[in-house]
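In: based on what follows, work out the 3D shape:
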Amino acid sequence: MSYFKKCINIIFVVSNIRQDMSVIYLLLTLSILVALIFFIAFIYSVKKGQYDDSYTPSVRMLFDDELIIEKQEKSTLD
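Out: Okay, the predicted model is just below:
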């Protein structure tokens with residue numbers, strides 16, 4: 001085999017590997033982009049108060065109140 005044919009075979013093999021790897025680079029880029037979009041949406045919703053507690057105030061009246069026992073001072077007669 002001539003030197004030229006060996007070079008073409010090597011280039012062909014390397015080019016096939018690079019084409020296969022380009023899918024991985026594309027998927028990594030897309031996944032990082034989607035992750036950034038979700039992170040930005042999460043930060044935006046936290047700043048707008050989306051995760052504020054809206055359930056507890058509506059059922060607060062259903063919770064039992066704690067009994068407050070006041071200590072009464074005994075009055076003493078002089």
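
In: what number of residues lie near Y25?
Out: Neighbour count for Y25, taken as other CB atoms under 10 Å: 10. In short, each C-beta sits where N, CA and C put it, glycine included.

In: after whichever strand or helix holds it, which helix or strand is next?
Out: Per DSSP states H and E: Y25 is located in helix 3-47. Per DSSP H and E, helix 3-47 leads on to helix 56-59 as the next helix or strand towards the C-terminus.

In: what does that next one contact?
Out: Applying CB atoms under 8 Å, 6 or more residues apart in numbering, helix 56-59 has no contact partners.

In: what mean pLDDT does it have?
Out: Average pLDDT, helix 56-59: 72.

In: what distance do you get for S58 to D52?
Out: Separation of S58 from D52 (CB to CB, to the nearest Å): 13 Å.

In: can you check L28 too?
Out: As judged by CB to CB, L28 and D52 stand 35 Å apart.

In: repeat that for S2.
Out: In terms of CB to CB, S2 sits 74 Å off from D52.

In: check V34 and give its pLDDT.
Out: 97.

In: no no, E73
Out: 62.

In: what does Y44 give?
Out: pLDDT, Y44: 96.

In: what number of residues lie near it?
Out: 10.

In: just S2 next, same as before
Out: Neighbours of S2 (other CB under 10 Å): 7.
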